[in-house]
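1. with the sequence up front, the predicted model follows.
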Number of protein chains: 2
Amino acid sequence: MRVITTIKEMQELILQQKSQGKTVGFVPTMGFLHEGHLTLLNRARQENDIVVLSIFVNPLQFGPKEDYAEYPRDFERDRALAESEMVDFLFYPSVEEMYPTDLSVRVTVQERTDVLCGSSRPGHFDGVATVITKFFNIIMPTRAYFGKKDAQQVAVIEGLISDFNIPVNLVAVDIVRENDGLAKSSRNVNLLPNERKEAPVLYQSLQVAAGAIDEGERDPNKLIHLIREEIGKESSGVIDYVQIYSYPQLKPLEKLEGTIIIALAVKFTKVRLIDNFITKID
Amino acid sequence: MRVITTIKEMQELILQQKSQGKTVGFVPTMGFLHEGHLTLLNRARQENDIVVLSIFVNPLQFGPKEDYAEYPRDFERDRALAESEMVDFLFYPSVEEMYPTDLSVRVTVQERTDVLCGSSRPGHFDGVATVITKFFNIIMPTRAYFGKKDAQQVAVIEGLISDFNIPVNLVAVDIVRENDGLAKSSRNVNLLPNERKEAPVLYQSLQVAAGAIDEGERDPNKLIHLIREEIGKESSGVIDYVQIYSYPQLKPLEKLEGTIIIALAVKFTKVRLIDNFITKID
């Protein structure tokens, strides 16, 4: 595995690989890798000749009150994990390398942002879309891998790729779960012991909604009510939101049709958990 | 020459050419080709294996009060000219093909826009940068050709390429002039006969400024004064602006240093002419 820190070298290496007809799988991350990232790397390894992992804590996507400085970093651990996942190139640029001057242009996301987690993070997805645009131009991937856990991010990237005609295939990878259904997250360790026992209720409530859809329920409000009831019954967590939208457009629906997302966020003592369920209504 | 109207076919053809190691020269236009465009095509033909010309009147870069509907179009004439310039692919998409739905993302230009012609065209360069981002992803050019006549556009595209790390070489081609120095433009035919005689004063005034710089003048205000005096002496045209900035940053200068642009616009009865001079101060 080679660690690359400059854009120029990364671009040259990729052009060299692509001129030999090699396919390139790309997994963008902010580092501090967890099992979700490793699943993406594993999938990229299976499907491409070359695997590129980027580690870059992108200041552009953090709000002024958010935790950019405190965001966890452990490059040596990440490097070892990347090596064990047989990554070919670990792209690890500095902030100065990525943003040497004030940007004269940036990507503005006009849709899909004012719902779910995005409504409380103005500008966040502009920062994500801008850095991903840069990465796509540097890595020129055949396929780019994102986890469905952050379904709104996937929706924004899908819009970016499709509206800008970026020649890359977006691979959205299913949520990895514990045996009891809890979506894996590095934040789960911050659950108190009783909260950890309750936390699978997020997944269970989505399963209840899925069952109701199977039985013909098409009213989003009734499904939201079902989910809220299920969570209230089983957990001390406080519901932040339960929302249902078209996917990936993230537009409100009067009646379920097409591809939809049910997404929810629940606050526990020290951590807020999210989960979602995406399905196509026949 | 092949005329291509869909993004998918254009992208596939280019990928096929690039997989054979071919270089691609790209000339983006809004059609109604004139000698300036032909100069770009000629240069692209000399320097690349494949030449792609796009013709697309981009609604996104026209303001609500601007002349999108009236913009001149003559596809059959353009096609014949492209053929005679030995263009390989003429990309001619419809508005529906380029913008099938409302864009969920767009490029916002944050610098280099509030001076020169940009100050009276809010949003214009966002539209330019967005469509050029799409074209770069569709055509994947080795080199893209723009005329220095619209120096502000070149500056914005330079920022787009550099800030987004787009793997393309920008080729800025010198202004083509009539024998008397008047910059060529399809708009010159709208000059009244006496105005046509006066019009070379734009170029002459820039030459006067260049002479003063050679003799050591470094004060932008003195140079602007010289130019205004020269134009006022020789012409009935009304000066719209005479401005001097760093280039391509387009930032004001107290003293000339580095690469600079002197740009001007003069209004005649039925037409406004622009011209500019870019030079590196030793």
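-> Received, thanks.
2. how about the contacts made by residue A:124?
-> A:61, A:62, A:63, A:113, A:118 (CB atoms under 8 Å, 6 or more residues apart in numbering or on different chains). Where C-beta positions appear, they are placed from N, C-alpha and C, glycine not excepted.
3. let me have these in TSV, extended by neighbour count.
-> Formatted as TSV, the contacts of residue A:124 follow (neighbours: other CB atoms under 10 Å in any protein chain shown):
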residue	neighbour count
A:61	21
A:62	18
A:63	13
A:113	26
A:118	20
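4. chain B contacts on the stretch 1-150 of chain A?
-> Taking CB under 8 Å from any CB of the partner chain, the part of the stretch 1-150 of chain A that reaches chain B is made up of A:7, A:11, A:15, A:19, A:21, A:102-112, A:129, A:133-134, A:137-138, A:140.
5. pull the most distant pair out of the contacts of residue A:124.
-> Using CB to CB, the two most remote members of the contacts of residue A:124 are A:62 and A:113, lying 15.4 Å apart.
6. among the residues of the stretch 1-150 of chain A next to chain B, which are in helices?
-> Secondary structure from DSSP state H places A:7, A:11, A:15, A:19, A:129, A:133, A:134, A:137, A:138 of the residues of the stretch 1-150 of chain A next to chain B in helices.
7. dump stretch A:245-258 to PDB, keeping only the CA atoms.
-> Output of stretch A:245-258 as PDB, limited to C-alpha atoms (Å, rounded to 0.1, in the frame of the first residue of the first chain):
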ATOM      1  CA  TYR A 245     -39.800  10.900   1.800                       C
ATOM      2  CA  SER A 246     -39.400   9.900  -1.800                       C
ATOM      3  CA  TYR A 247     -35.900   8.600  -2.400                       C
ATOM      4  CA  PRO A 248     -33.400   9.900  -3.500                       C
ATOM      5  CA  GLN A 249     -35.400  13.200  -4.100                       C
ATOM      6  CA  LEU A 250     -36.300  13.500  -0.400                       C
ATOM      7  CA  LYS A 251     -39.700  15.100  -1.200                       C
ATOM      8  CA  PRO A 252     -42.700  14.800   1.000                       C
ATOM      9  CA  LEU A 253     -45.300  12.200   0.000                       C
ATOM     10  CA  GLU A 254     -49.000  12.200   0.500                       C
ATOM     11  CA  LYS A 255     -49.200   8.500  -0.300                       C
ATOM     12  CA  LEU A 256     -46.400   6.000  -0.500                       C
ATOM     13  CA  GLU A 257     -45.300   5.300  -4.100                       C
ATOM     14  CA  GLY A 258     -42.000   4.700  -6.000                       C
END
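8. average pLDDT across it?
-> Mean pLDDT, stretch A:245-258: 96.
9. pull out the buried positions in that stretch.
-> Neighbour-count burial for stretch A:245-258, counted by 16 or more other CB atoms under 10 Å in any protein chain shown, picks out A:245, A:246, A:247, A:248, A:249, A:250, A:253, A:256.
10. mind listing which of those residues are in helices?
-> With DSSP H as the criterion, helices contain none of the buried residues of stretch A:245-258.
11. now distance to chain B too, for the residues you listed, in TSV please.
-> Listed next are the buried residues of stretch A:245-258 as TSV, based on distance: CB to the nearest CB, whole Å:
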residue	distance to chain B
A:245	14
A:246	13
A:247	13
A:248	9
A:249	8
A:250	9
A:253	17
A:256	21
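12. and residue A:259, what are its bridge partners?
-> Residue A:259 has these beta-bridge partners by DSSP bridges: residue A:280.
13. swap that for residue A:238, sorry
-> Bridge pairing for residue A:238 (DSSP bridges) gives the partners residue A:267.
14. just the residues contacting whatever helix or strand residue A:82 lives in, thanks.
-> Assigned by DSSP states H and E, residue A:82 belongs to helix A:75-84. Helix A:75-84 has contacts (CB under 8 Å, 6+ apart) with A:1, A:3, A:31, A:32, A:33, A:38, A:41, A:53, A:55, A:90, A:92.
15. what's the PyMOL line that selects buried ones from those residues?
-> Of the contacts of helix A:75-84, the buried ones go into a single PyMOL selection, burial set by 16+ other CB under 10 Å:
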select buried, chain A and resi 31+32+33+38+41+53+55+90+92
